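Curious how this folds, go ahead:
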Amino acid sequence: MPNTVTKAIFPVAGLGTRFLPATKSVPKEIMTLVDRPLVQYAIDEARAAGIEEFIFVTSRGKSALEDYFDHSPILEQELLRKGRTDLLDALKQTDMESGQIAYIRQHKPMGLGHAVWCARQLIADEPFAVILPDDVIAAEKPCLQQMIEAYEETGGNMVAAMEVPHEKTSSYGVLDAAEDRGSVVSIKDMVEKPKADEAPSNLAVIGRYILSPSVMQNLHEMKEDTGGEIQLTDAIAEDIAAGGNAFGYLFRGQRFDCGSKAGFLQATVAFGLARDDLRDDLMNYLAEMVQANRAAQ
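I've put the predicted structure just below:
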């Protein structure tokens with residue numbers, strides 16, 4: 001049986017340039033999706049999967065992210081004084097106990113693989129998860145929990161995967177699948193952002209990973225690609241080439257790319273409609289907007 005996965009790395013060092021000017025002063029990861037920041041969705045997913053240690057790879061200008069997970073005694077006392085136990089319970093979901101969370105700086109923007117490698121000293125010789133908060137996944141059972149349950153049967157490395165149109169494969173890491181086992185596929189190779197006509201499949205890697213310590217060692221030894229970055233996909237592919245097992249997991253759920261403005265807006269609508277306290281007002285507003293647009297055409 002594989003070792004239990006209790007640590008997760010959250011690469012959050014990016015500048016968020018696609019959301020400027022908002023991200024000039026607000027880290028993208030704490031931009032709110034309805035009433036919770038993106039990173040809270042990632043943390044909640046990790047907790048549901050049994051993660052106990054949370055490692056954030058950050059960069060200069062991310063202090064607001066650290067403050068978000070800290071206790072706020074004055075605010076808590078004020079909510080308690082007013083009897084707002086509902087808000088107090090919601091606030092406590094953001095608290096992280098001392099020792100549960102660690103922050104590491106990525107001093108140069110050298111890609112996802114380099115960001116993961118920055119956490120090497122806190123991982124040691126054990127499997128670990130990687131969660132990209134930009135990828136928000138709405139699912140009845142959280143995506144990482146689905147993956148860990150499958151990982152307990154397979155071991156090795158595991159990446160979340162979904163089918164995408166072939167013309168969009170150049171935007172993703174893509175799997176070369178060796179065997180179809182339903183929701184779990186065995187991987188022969190992985191290719192980072194191939195040309196659409198050269199992609200080995202239309203199975204794209206999404207921002208959830210369960211990785212073996214050997215992948216971290218591969219990252220330690222890898223050199224930069226032509227773009228000056230170290231790719232996580234290449235480190236996993238190297239592990240496969242050395243005889244390691246790797247699997248793609250076709251998760252059950254809907255993924256939203258909240259690293260793009262369109263994806264963020266789509267997620268806002270979807271998560272708003274999923275809320276009992278917001279659904280009716282939002283649905284009525286959307287219906288009115290559709291009618292107004294049709295009338296204007």
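
drop to CA atoms for contacts and neighbour counts, all remaining ones
OK.

Do I have it right that Thr23 meets Gly16?
Yes - the pair Thr23 and Gly16 qualifies as a contact (C-alpha atoms under 8 Å) at a distance of 6.1 Å.

Leaving out chain neighbours, which residue sits closest to Arg279?
Leaving aside its chain neighbours, Arg279 sits nearest to Leu273 (4.5 Å; criterion: C-alpha to C-alpha, 6 or more residues apart in numbering).

Can you list the residue ranges for strands in the protein?
In the chain, the segments counted as strands under DSSP state E are 7-11, 32-33, 36-37, 53-58, 101-105, 128-131, 135-138, 157-163, 173-181, 184-192, 203-211, 246-250, 254-257.

And the ones you listed: which comes nearest Asp95?
Asp95 lies closest, by C-alpha to C-alpha, to one member of the strands of the chain: strand 101-105, at 10.2 Å.

Report the distance from that closest one to the chain centre.
Distance of strand 101-105 from its chain centroid, counting by C-alpha atoms, centre = their mean, to the nearest Å, is 16 Å.

Neighbouring strands - and their directions - for it?
Partners of strand 101-105 in the sheet, by DSSP bridges, are strand 53-58 (parallel).

Return the set of buried residues in the partner strand.
By neighbour count with 16 or more other C-alpha atoms under 10 Å, strand 53-58 contains the buried residues 53-58.

wait, isn't Ile131 in contact with Ile206?
No - look at Ile131 against Ile206 with C-alpha under 8 Å: they stay out of range, at 9.4 Å.

Stretch 187-202: which residues count as buried?
Neighbour-count burial for stretch 187-202 [16+ other C-alpha under 10 Å]: 187-194, 196, 199-202.

Oops, could you answer that again for stretch 265-281 instead?
Under 16+ other C-alpha under 10 Å, the buried positions of stretch 265-281 are 267-273, 279.

re earlier: which one of the strands of the chain has the lowest average pLDDT?
Set side by side, those show their lowest mean pLDDT on strand 173-181, which sits at a mean of 81.

all helices of the stretch 1-150 of the chain, in order?
Taking DSSP state H, counting those that start in this stretch as the test, the helices found in the stretch 1-150 of the chain are 38-48, 63-68, 73-81, 85-92, 112-117, 120-123, 143-154.

highest average neighbour count across those helices?
Greatest average neighbour count among the helices of the stretch 1-150 of the chain goes to helix 112-117 (a mean of 24), per mean count of other C-alpha atoms under 10 Å.

And for Asp225, the neighbour number?
If you count neighbours by other C-alpha atoms under 10 Å, Asp225 ends up with 12.

Distance check, it against Met216.
Separation of Asp225 from Met216 (C-alpha to C-alpha, to the nearest Å) stands at 17 Å.

Check the spacing between Met289 and Ala262 real quick.
Taking C-alpha to C-alpha, one finds Met289 at 17 Å from Ala262.

whoops, I mixed them up, Val159
Note on Val159: its distance to Ala262, by C-alpha to C-alpha, is 25 Å.

Looking at the two, which is more packed in?
Val159 (29 against 12).

Can you tell me the closest non-neighbouring residue to that one?
Spatial nearest neighbour of Val159, chain neighbours left out: Tyr209 (4.5 Å); criterion: C-alpha to C-alpha, 6+ apart.

list the contacts for the one you found?
129-131, 157-160 (C-alpha atoms under 8 Å, 6 or more residues apart in numbering).

For Gln100, state which of those residues is nearest.
Taking C-alpha to C-alpha as the measure, Gln100 lies nearest Ala129 of those, at 15.0 Å.

what are the bridge partners for Thr32, then?
Pro37.

Double-check it against Tyr41; I have them as touching.
No - at 10.1 Å, Thr32 and Tyr41 do not qualify as touching, with contact defined as C-alpha under 8 Å.

Can you check which helix is longest in this protein?
Secondary structure assigned by DSSP state H gives helix 279-296 as the longest helix of the chain.

mind checking how far that one is from the chain centre?
How far helix 279-296 lies from its chain's middle: 32 Å, per C-alpha atoms, centre = their mean.

Mind listing residues that contact it?
Everything outside helix 279-296 that qualifies as a contact, by C-alpha under 8 Å, 6+ apart, is 272-273.

which non-adjacent residue is nearest the residue nearest the centre of the chain?
Centroid-nearest residue in the chain: Leu132, 2.3 Å away (criterion: C-alpha atoms, centre = their mean). Leaving out its chain neighbours, the residue that sits closest to Leu132 by C-alpha to C-alpha, 6+ apart is Gly207, at 4.9 Å.
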